[in-house]
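In: here is a sequence with its predicted model. Questions after.
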Amino acid sequence: MNCTRPRESAPAVSWIIAALLVCLAAQASTQSNSSVAQGLGLSYDQASEVTLTGTVERLASSEVAGAPPGAHLFISTSGETVDTHLGPYLSKDVEAALKQGEPVQVVGVRQSAGGKNIFLVRQLTIAGRQVAIRNERGFLLRERVIRHTREHKPAVKGGAQ
């Protein structure tokens, strides 16, 4: 009884992998650097960035129907209320600084999602502190938090000495 595989399948698998790699490379080369898909049909075009200055009306940390998930800061600017998307990664101290009536400045782009106008924030300035929310391509940034749960102690080796 012969339990070996036929050698014809190895070249076929290699050909399929090569074809997939060519397709992925072609798709990557057609994407524009100025507009990157963000899910929910949103894109970020840095050439369309604007700066808004206003005051904080409220911060909504729960889901806003028809909008991207994460924190939404509603700011009053030039007689209108703007829904700005800050994402799910705000630190507790930034959330605490976003109090009603506080002056705020945001840099980002306007988008339409689910019939609503949303302002995707790249940079937030509150109380003189600049907070990066997205990178220049519009991808949300996550603040790195280093937590030490235990003190580092050298290992003690047992045994006869």
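Out: Received, thanks.
In: Val94 - that's part of a helix, no?
Out: Yes - counting by DSSP: H, G, I helix; E, B strand; the rest coil, Val94 is found in a helix.
In: in this structure, where is pLDDT below threshold?
Out: The chain contains residues with pLDDT under 70 at 1-15, 18-42, 62-64, 66, 144-161.
In: ranges for the helices of it?
Out: Here the chain has its helices, by DSSP state H, at 9-30, 92-97.
In: for stretch 117-137, list the C-alpha coordinates in CSV.
Out: Only the C-alpha atoms of stretch 117-137 are listed here, as CSV (Å, rounded to 0.1, in the frame of the first residue of the first chain):
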residue,chain,number,x,y,z
ASN,A,117,-22.4,64.3,9.0
ILE,A,118,-19.4,63.3,11.1
PHE,A,119,-16.1,65.1,11.6
LEU,A,120,-13.2,62.6,11.8
VAL,A,121,-10.7,64.1,14.2
ARG,A,122,-7.0,63.7,13.6
GLN,A,123,-5.8,66.1,16.3
LEU,A,124,-7.5,67.4,19.3
THR,A,125,-6.4,70.4,21.4
ILE,A,126,-7.9,70.9,24.8
ALA,A,127,-6.5,73.0,27.7
GLY,A,128,-3.3,73.7,25.6
ARG,A,129,-2.7,69.9,25.2
GLN,A,130,-2.5,68.4,21.8
VAL,A,131,-3.8,64.8,21.5
ALA,A,132,-3.2,62.7,18.3
ILE,A,133,-6.4,60.8,17.6
ARG,A,134,-5.5,59.5,14.0
ASN,A,135,-2.4,59.3,11.9
GLU,A,136,-2.1,61.3,8.7
ARG,A,137,-3.9,58.5,6.8
